[in-house]
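Visitor: Sequence and predicted model, in that order:
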Amino acid sequence: MSLEPINIATLTSSTPKNVADFNQTLPLHIANLTCVRAGKAMPFTREEMSAIDKAPINTPVAVNFMGLTTDEQADRKHHGGPLKAVHQLAPATYEKINAEFSLKVRVGTLGENLTTEAVNGLPEMTESTVCIGDVFEYGDTATSTDDVDNLQLRIVQPRRPCYKINDQIGQFTKVPNIAAWVSKQGISGWYFQVVTDGLINADLPVYLIERPYPFATLEKLWQLANSKEKFDAEVIEPWLAIECLEKSWKVVLRKKIKG
């Protein structure tokens with residue numbers, strides 16, 4: 001997903017073609033978890049600590065408002081916290097990086113907690129198919145009761161690529177500025193806010209249970225936020241009305257309104 005010239009009609013459409021398969025009666029079983037990962041802060045480059053390298057967890061792990069209880073973030077100013085509690089990255093990201101730079105970077109190298117696989121003929125969860133405000137439930141929705149709640153997560157912002165992507169991949173091979181390339185492609189994944197605490201483990205079904213903003217794909221948000229253009233207020237204002245969108249993105253979007 002490169003930053004091509006923006007089509008205003010596409011950005012303002014309430015039923016964009018590229019997410020039509022998810023715009024169905026909810027709850028909708030859209031994926032299965034194939035891996036859950038967590039990391040410990042360890043010595044990294046530049047005499048810093050980092051937990052960017054995540055390892056698979058083979059048993060159920062508790063998730064609360066700060067994220068997976070076994071996961072760590074070394075730089076708590078820029079990573080972790082209630083609005084960056086859990087991170088997901090599409091496996092296709094690695095396929096694109098490896099194809100572009102002739103590498104063999106493995107899934108889990110870039111700090112994601114969750115990996116999913118599409119089911120029922122639906123598309124994969126990617127920046128072009130998920131939206132700000134989407135709420136996902138992990139586990140059979142029929143088993144969630146007043147006594148036992150399944151984990152629920154809400155998408156609240158994309159992930160901004162940083163220099164640690166370069167340092168992490170650069171530990172193994174000398175490559176160009178991959179973080180800048182990833183940013184241009186808009187394939188950095190997304191962060192969740194925890195709606196309902198619960199347990200999570202691989203092989204759980206993933207249900208989309210709420211989609212209040214079907215126009216608000218991560219792809220479109222990334223294009224708007226990184227565009228050199230400015231837009232009519234009617235293009236930007238629907239995004240500013242999204243209560244759960246993390247405020248720094250609204251600051252960026254307000255600056256995109258034509259004066």
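Guide: Looks like it came in fine.

Visitor: Need phi/psi at residue 92.
Guide: Residue 92 adopts backbone torsions of phi -60, psi -20, taken as degrees, to the nearest 10.

Visitor: repeat for the one 10 residues further on
Guide: When quoted as degrees, to the nearest 10, the phi and psi of residue 102 stand at phi 50, psi 50.

Visitor: repeat for residue 166
Guide: The phi/psi pair for residue 166 (degrees, to the nearest 10) reads phi -60, psi -50.

Visitor: Not counting sequence-adjacent ones, nearest residue to it?
Guide: Using Cβ to Cβ, 6 or more residues apart in numbering and skipping the chain neighbours, the partner closest in space to residue 166 is residue 179 (5.0 Å). The way it works is simple: take the backbone N, C-alpha and C, and place the C-beta from them, glycine included.

Visitor: Break down the stretch 151-259 of the chain into its helices, ranges please.
Guide: Taking DSSP state H, counting those that start in this stretch, the helices of the stretch 151-259 of the chain run over residues 163-170, 178-185, 218-226, 233-240, 247-254.

Visitor: can you tell me which of those comes nearest to residue 22?
Guide: With Cβ to Cβ as the criterion, residue 22 lies closest to helix 218-226 of those, at 12.6 Å.

Visitor: Identify the bridge partners of the spatially most central residue of the chain.
Guide: Nearest residue to the geometric centre of the chain (Cα atoms, centre = their mean): residue 190, 1.6 Å. Judged by DSSP bridges, the bridge partners of residue 190 are residue 88, residue 158.

Visitor: Provide a list of residues in contact with it.
Guide: Neighbouring residues of residue 190 by Cβ atoms under 8 Å, 6 or more residues apart in numbering: 87, 88, 127, 130, 155, 157, 158, 159, 218.

Visitor: For stretch 190-200, could you pull out the residues that count as buried?
Guide: Neighbour counts over stretch 190-200 (16 or more other Cβ atoms under 10 Å) mark 190, 191, 192, 193, 194, 195, 198, 199, 200 as buried.

Visitor: quick one on the thing from earlier: adding distance to residue 246, write the contacts of residue 190 out as JSON lines.
Guide: Formatted as JSON lines, these follow (distance: Cβ to Cβ, whole Å):
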{"residue": "87", "distance to residue 246": "13"}
{"residue": "88", "distance to residue 246": "15"}
{"residue": "127", "distance to residue 246": "16"}
{"residue": "130", "distance to residue 246": "15"}
{"residue": "155", "distance to residue 246": "10"}
{"residue": "157", "distance to residue 246": "4"}
{"residue": "158", "distance to residue 246": "9"}
{"residue": "159", "distance to residue 246": "11"}
{"residue": "218", "distance to residue 246": "12"}
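
Visitor: I appreciate the help and will end here.
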